[in-house]
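Engineer: Have a look at this prediction, sequence included:
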Amino acid sequence: MKPILRRLLASVFGNETSETNPVAKPHPDASPNVDTLEPRVLFSGAPLEAPEQDASAEAEPDGAPEAVDAMGQGPAGDQTGSGQDQTVAGDEGVSLVDTNSAAATLNAETLQTIADAAKQRWIDSGISAEQLAALNSVTYQISDLGGNHLGSTSENLIAIDDDGASRGWFVDLTPAVDEEFGADSPTRLLALSDTGAEQRIDLLTVLLHEQGHILSLPDVGSTGSLMSGSLSAGNR
């Protein structure tokens, strides 16, 4: 995953961005660039107060459970989770929301823990001190974004849908490693069978994507990239 993040930074900011001294400046206002690539999850850097969307960004029927759009909008949701808690490896005493039920919603502790793990991956990729400061300034919010929306970035606020647009979140208990996934391509991992990640939306990937907007990375049209406008269930 670390080489993938480095390549993303280099593709946007040029070869000057190195592992140890990237020169890119943080830019909190990434412009929305949504590509409707059904039946996948759509991401966006759109603000929370985004205008009403057209039908192309709506969820597919239940027969296509992978289709979710992540342009965040809607009222803030309750930041308390439901379900049985689990303890994340390496963080004694930190409880994560149960992922065995699609009805389970996020809690603030879970969101912050996985957001910190996502930030660490950006740090490991070689971001600059200024970029790290931008990530450190982010506030995370759990919202009922409605419809097919998964997440939204506006200035230094990242909002994440409470239940993964009713598809359910995969909350990785070992977010520093990808043991539940196998390589599908140089830029994409697929969930292994019977891991719990196969039929759910990977929360870590969504947070990496939204943090990418904080680092001024735009959405891209190609599938398989972290900054792609879409994500299928079971993908990282």
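Structural biologist: Good, I have the coordinates. Residues are numbered from 1 along each chain as shown.
Engineer: Any regions of the protein where pLDDT drops low?
Structural biologist: 11-104 (pLDDT under 70).
Engineer: Can you show me the helices along it?
Structural biologist: 2-13, 108-125, 129-136, 203-214 (DSSP state H).
Engineer: Reformat the ones you listed as CSV; add mean neighbour count.
Structural biologist: Glycine gets a C-beta too; all of them are placed from N, C-alpha and C. Shown next, in CSV, are these (neighbours: other Cβ atoms under 10 Å):
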stretch, mean neighbour count
helix 2-13, 17
helix 108-125, 19
helix 129-136, 16
helix 203-214, 25
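Engineer: looking at it, Asp144 is touching Asp162, isn't it?
Structural biologist: Yes: here Asp144 reaches Asp162: they are 5.4 Å apart, a contact under Cβ atoms under 8 Å.
Engineer: Of these two, give the one with the bigger neighbour count.
Structural biologist: Set Asp144 next to Asp162 and count neighbours by other Cβ atoms under 10 Å: Asp162 wins out with 24 against 15.
Engineer: measure that one to Thr105 for me?
Structural biologist: For Asp162, the distance to Thr105 (Cβ to Cβ, to the nearest Å) stands at 4 Å.
Engineer: coming back round to it: and of the helices of the chain, who's closest to Ser222?
Structural biologist: Taking Cβ to Cβ, helix 2-13 is the member of those nearest to Ser222, at 10.9 Å.
Engineer: name the helices or strands packed onto the closest one?
Structural biologist: If contacts are counted by 3 or more Cβ pairs under 8 Å, 6 or more residues apart in numbering; DSSP states H and E, helix 2-13 sits against helix 108-125.
Engineer: Okay, angle between the helix it packs on and helix 2-13 too, please.
Structural biologist: Angle, helix 108-125 to helix 2-13, by axes from the mean of the first three to the mean of the last three Cα atoms, to 10 degrees: 70 degrees.
Engineer: Out of the helices of the chain, the one nearest Pro175 is which?
Structural biologist: helix 108-125 (3.5 Å).
Engineer: would you turn the helices of the chain into TSV with distance to Leu231?
Structural biologist: TSV is the format used below for those (distance: least, Cβ to Cβ, whole Å):
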stretch	distance to Leu231
helix 2-13	14
helix 108-125	14
helix 129-136	20
helix 203-214	6
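Engineer: Any idea which of those helices gets closest to Val220?
Structural biologist: helix 2-13 (8.8 Å).
Engineer: in the protein, which spans are strands?
Structural biologist: Applying DSSP state E to the chain gives strands spanning 41-42, 68-69, 86-87, 95-96, 139-143, 151-154, 157-161, 169-170, 181-185, 188-191, 201-202, 230-231.
Engineer: can you redo those as TSV with mean neighbour count and distance to Ile123?
Structural biologist: Output for these, formatted as TSV (neighbours: other Cβ atoms under 10 Å; distance: least, Cβ to Cβ, whole Å):
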stretch	mean neighbour count	distance to Ile123
strand 41-42	28	25
strand 68-69	28	28
strand 86-87	14	23
strand 95-96	21	21
strand 139-143	18	17
strand 151-154	26	19
strand 157-161	25	17
strand 169-170	27	22
strand 181-185	14	21
strand 188-191	20	20
strand 201-202	26	20
strand 230-231	26	22
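Engineer: Turn those into TSV, columns for distance to Ile127.
Structural biologist: Formatted as TSV, these follow (distance: least, Cβ to Cβ, whole Å):
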stretch	distance to Ile127
strand 41-42	25
strand 68-69	28
strand 86-87	29
strand 95-96	25
strand 139-143	18
strand 151-154	16
strand 157-161	16
strand 169-170	25
strand 181-185	23
strand 188-191	21
strand 201-202	21
strand 230-231	22
